[in-house]
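>>> give me the fold of what follows.
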Amino acid sequence: QVQLEENGGGTVQAGGSLRLTCVLSGRRTFAVIHVDWFRDVPGKERDVIAGWRRDRKETYYDDAVKGRFTITWDNDKLISVLKMDNLKPEDTGRYYCAADEGSSQYEYWGQGIQVTVLP
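Predicted coordinates for the structure are as follows:
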């Protein structure tokens, strides 16, 4: 069974850092071409905040996190890392990762992980 699992969430003071990981498992090999991280905040739509695409050789970020968050994908270890620095209270939310191998968008979803940033 293919699984995508996030780890690394928690509570941090404003200005602090967290490192979220998203690990893909369930098969010996994957051909991931796209990974996005989403943030879910009550009362708002789930938004893409960072992403990586192999075919376009690009990473992209929501303006709200640009310069503070960094996304990577390691195809050997099948891990995406979302490094979050200079965290703000408005970064509080549930974070999800999603990935696909190109046959359809977001074939795999994680269960989500909570990040809370205190003022």
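>>> quick check: which ranges of the chain have low pLDDT?
For the chain, no stretch has pLDDT under 70.
>>> nearest residue to the middle of the protein?
Closest to where the C-alpha atoms of the chain average out (Cα atoms, centre = their mean) is Trp37, at 3.0 Å.
>>> that one and Ser80 touch, don't they?
Yes - the criterion here is Cβ atoms under 8 Å, and Trp37 meets it with Ser80 at 7.4 Å. C-beta coordinates here come from the backbone N, C-alpha and C atoms, glycine included.
>>> anything in contact with each of those two?
Cys22, Ile71, Cys97 (Cβ atoms under 8 Å, 6 or more residues apart in numbering).
>>> now, which of those sits nearest Asp55?
Ile71 (15.7 Å; Cβ to Cβ).
>>> and the closest one, how far from Val48?
11 Å (Cβ to Cβ, to the nearest Å).
>>> those two: who's more crowded?
Ile71 (23 against 14; other Cβ atoms under 10 Å).
>>> quick one: list the elements packing against the host helix or strand of the more buried one.
In this structure, Ile71 sits in strand 69-74 according to DSSP states H and E. Judged by 3 or more Cβ pairs under 8 Å, 6 or more residues apart in numbering; DSSP states H and E, the packing partners of strand 69-74 are strand 34-40, strand 47-53, strand 58-61, strand 79-84.
>>> how about these, which one is nearest Tyr108?
That would be, of these and by Cβ to Cβ, strand 34-40, which comes in at 9.4 Å.
>>> redo the helices and strands packed on strand 69-74 as TSV? Include distance to Tyr106.
Below are the helices and strands packed on strand 69-74 laid out as TSV (distance: least, Cβ to Cβ, whole Å):
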stretch	distance to Tyr106
strand 34-40	7
strand 47-53	10
strand 58-61	16
strand 79-84	13
